[in-house]
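> From the sequence below, what's the structure:
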Amino acid sequence: MRFIGIHFLLLVLGAIPNLTAAQQAAPSSGKKAERQSEANNAPPVVPENWRVLDDLKSGLEPGVPAVVQTDEQPDFVRQLVRVQWRVNDPIELWITRPKVTGKVPVVLYLYSYSDSNDRFHDNGWCKRATADGFAAVGFAAAVTDYRFRWRPLKQWFVSELTESLGSSVHDVQLILNYLADRGDFDMSRVGMFGMGSGASIAILAAHADPRIKTLDLLDPWGDWPDWLKDSPEVPASERSKYLAPEFLKSVAPLDPVAYLPSLKLGAFACNRH
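Numbers count the residues shown, from 1 in each chain. So this is what the prediction gives:
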């Protein structure tokens, strides 16, 4: 089944006494033993469960969000907020609110893996996105842009497809939790725009989180055996490993095509380049 696209609005300097070497040896050894004991008794680290779309407990520990900057314009107020629930993976949220009173509906924007966050701090884009009274929240998917800069060069969105999709679906839900906690958004009116890989993530996220009422998608990826075989996004030199049965089996639980029939949405728009 070939997938067609979809479009919408929708992070004491310990002053140690001068002791002789003999005096230092015993405490140091004791502390080492204590640390070793604590390590042995520590609960096992549970890895993130990428294949279960609504599992927000495995490997995810939300920290305190940090407002990095605020920029007030004539028509809107834009904030850069850093959130984090994984080690070494802070997420930059660009939150733009129209200058209106009360709670406003919100649209999440997630572009494809090759896009950057640049548009989210462009005044023209922000003005257009909020012109109808909607807040706009933009972010980058997992294994995308700044979120994979320190990875080995051989790793990219498709090579780590299970992580890329699964982590990003969890991100969407935790971002919605943060927006709900803020108290300035109408969480009964949440939409999501996605393009390319972002559109695929939006479909999966809408299945996992019923707070998403509307989807507007453009050129989503899906039907993995078919897409991986023909997509120009996949380099010819790498294609064979993504068509291997092991790889296809690993991404099968994250195929957007499988979730489309079960989506319960107020509005669903579909477009293709």
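> these two touch, right, Lys139 and Glu92?
Rather than Lys, residue 139 is Phe. Yes. Here Phe139 lies in contact with Glu92, judged by CB atoms under 8 Å, at a distance of 6.6 Å. To be clear about C-beta, it is placed using only N, CA and C from the backbone, and glycine gets the same treatment.
> Which one's more surrounded, these two?
Remark: of Phe139 and Glu92, Phe139 carries more neighbours, 25 against 19, as counted by other CB atoms under 10 Å.
> Tell me where this structure is predicted with low confidence.
Along the chain, segments meeting pLDDT under 70 span 1-45, 270, 273.
> quick revisit: spell out which residues are contacts of both of Phe139 and Glu92.
Jointly contacting Phe139 and Glu92 under the rule CB atoms under 8 Å, 6 or more residues apart in numbering are Asn117.
> tell me what the helix or strand harbouring Ala199 is packed against?
Using DSSP states H and E, Ala199 sits within helix 197-208. Contact here means 3 or more CB pairs under 8 Å, 6 or more residues apart in numbering; DSSP states H and E; on that basis helix 197-208 packs against strand 104-110, helix 161-182, strand 185-195, strand 212-218, helix 256-259.
> Could I get the buried residue list for the longest one?
For helix 161-182, the buried set under the neighbour-count rule, 16 or more other CB atoms under 10 Å, comprises 161, 163-179.
> Over to stretch 128-148 now: how far is its first residue from its last?
29 Å (CA to CA, to the nearest Å).
> er, stretch 101-117 actually
27 Å.
> buried set for it?
Quick answer for stretch 101-117 (16+ other CB under 10 Å): 104-113, 115, 117.
> What of stretch 85-101?
85-86, 89-98.
> and the spatially closest residue to Leu179 that is not a sequence neighbour, how many residues sit next to it?
Take Leu179 and drop its neighbours on the chain: the residue closest to it by CB to CB, 6 or more residues apart in numbering is Phe185, 5.0 Å away. Neighbourhood size, Phe185 [other CB under 10 Å]: 22.
> ok, so what distance separates Phe185 from Pro225?
39 Å (CB to CB, to the nearest Å).
> what's the answer for Tyr259, then?
According to CB to CB, Tyr259 and Pro225 sit 16 Å apart.
> same deal with Tyr109?
Taking CB to CB, one finds Tyr109 at 29 Å from Pro225.
> burial measure for the closest residue to Gly166 other than its chain neighbours, as a count.
Closest residue to Gly166 apart from its sequence neighbours, by CB to CB, 6+ apart: Trp50 at 2.5 Å. By other CB under 10 Å, 25 other residues sit near Trp50.
> same thing with Gly196?
Around Gly196 there are 23 residues (other CB under 10 Å).
> Could I get the contacting residues of it?
Per CB under 8 Å, 6+ apart, neighbours of Gly196: 111-114, 218-221, 233.
> Nearest to Asp122 among the residues you listed?
Tyr111 (12.9 Å; CB to CB).
> I figured the closest one hits Met195, correct?
Yes. With contact defined as CB under 8 Å, Tyr111 counts as touching Met195 (5.0 Å).
> Quickly list what Val67 is bridged to.
Val81 (DSSP bridges).
> Now do the contacts for it.
79-81.
> With Met192 instead?
10, 107-110, 172, 202, 205-206, 212, 214-216.
> can we see that at 10 Å?
By CB atoms under 10 Å, 6 or more residues apart in numbering, the residues touching Met192 are 8-10, 106-110, 137, 172, 176, 198-199, 201-203, 205-206, 209, 211-217, 265.
> Return the residues in contact with the closest residue to Ala141 other than its chain neighbours.
Nearest non-adjacent residue to Ala141, counting by CB to CB, 6+ apart: Ser168, 4.2 Å away. Taking CB under 10 Å, 6+ apart, we find Ser168 in contact with 50, 91, 110, 113, 139-144, 147, 157, 194, 197-198, 200-202, 204-205.
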